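**Student:** structural data only, the sequence is not supplied:
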């Protein structure tokens, strides 16, 4: 049997040519064995009609096997030649023939180098996408943090508004006390505002890069 995989032929026929030839070989061989058994059984019946025949069934079986071996050797030689002809002239697709489903390769031929370059580019884009997705996830987490900080700042501003209203309502003395408290907490408020501005600039810069 041929060792050539003949993959293109298998794509066209739906089976490998070697598989086809193997099945034909087995079919011929089975037919040969059945024929020899049938001939042997006929000869045994004929021998029963000749009482003087000195050939025993065992000797007949040995002769049958010997003849079968002779036939099989000649059959293998003939089949080998037939297989070579069929694989080359019947079950073979010429090198210059392109199957209909592969016409696109004729219109857009790519070398191995071009294909590898495309694979590398795809891999690079996938890595870039993963990096941007990770960065986007981190930014979303920062935005959630910003919302929390903004809510706290709004509470502080509301508190300051309330403090100012109280100062206006009750006069300078209460305002002095409130001003002292304001002075003590202004540093904390400034730090929080700087942190918010820094994170906002970072988010804007990332959006511009995307």
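**Tutor:** Structure's in. What do you need? Everything numeric here is computed off the predicted structure, so don't read it as measured data.
**Student:** which stretches in this protein count as helices?
**Tutor:** Using DSSP state H, the helices of the chain run over residues 7-13, 17-48, 57-89, 103-107, 112-170, 172-209.
**Student:** in this structure, which residue is most central in space?
**Tutor:** With distances taken as CA atoms, centre = their mean, the chain has residue 119 as the residue nearest its mean C-alpha position (13.8 Å).
**Student:** how many neighbouring residues does residue 129 have?
**Tutor:** Residue crowding around residue 129 was assessed by other CB atoms under 10 Å; the count is 10. Where you see a C-beta, it was placed from the backbone N, CA and C, and this is true even at glycine.
**Student:** okay, it: pLDDT?
**Tutor:** Predicted confidence (pLDDT) for residue 129: 87.
**Student:** please apply the same query to residue 86.
**Tutor:** We note a pLDDT of 89 for residue 86 in this prediction.
**Student:** could you do the one 3 residues further on as well?
**Tutor:** With respect to pLDDT, residue 89 scores 86.
**Student:** which residues does it contact?
**Tutor:** With contact taken as CB atoms under 8 Å, 6 or more residues apart in numbering, residue 89 is in contact with no other residue.
**Student:** and it, how far is that from residue 83?
**Tutor:** Remark: distance between residue 89 and residue 83 (CB to CB, to the nearest Å) = 11 Å.
**Student:** same check on residue 51?
**Tutor:** Per CB to CB, residue 51 is found 48 Å from residue 83.
**Student:** just residue 133 next, same as before
**Tutor:** Using CB to CB, one obtains 57 Å as the distance from residue 133 to residue 83.
**Student:** what do you get for residue 48?
**Tutor:** Counting by CB to CB, the gap between residue 48 and residue 83 amounts to 42 Å.
**Student:** one more: residue 132?
**Tutor:** In this structure, residue 132 lies at 59 Å from residue 83, with CB to CB as the measure.
**Student:** please identify which of the two sits among more neighbours.
**Tutor:** Using other CB under 10 Å as the criterion, residue 132 and residue 83 rank with residue 83 on top: 20 against 13.
**Student:** now the helices of the chain as JSON lines including distance to residue 97?
**Tutor:** Rendered in JSON lines, the data for those read as follows (distance: least, CB to CB, whole Å):
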{"stretch": "helix 7-13", "distance to residue 97": "9"}
{"stretch": "helix 17-48", "distance to residue 97": "15"}
{"stretch": "helix 57-89", "distance to residue 97": "14"}
{"stretch": "helix 103-107", "distance to residue 97": "11"}
{"stretch": "helix 112-170", "distance to residue 97": "22"}
{"stretch": "helix 172-209", "distance to residue 97": "52"}
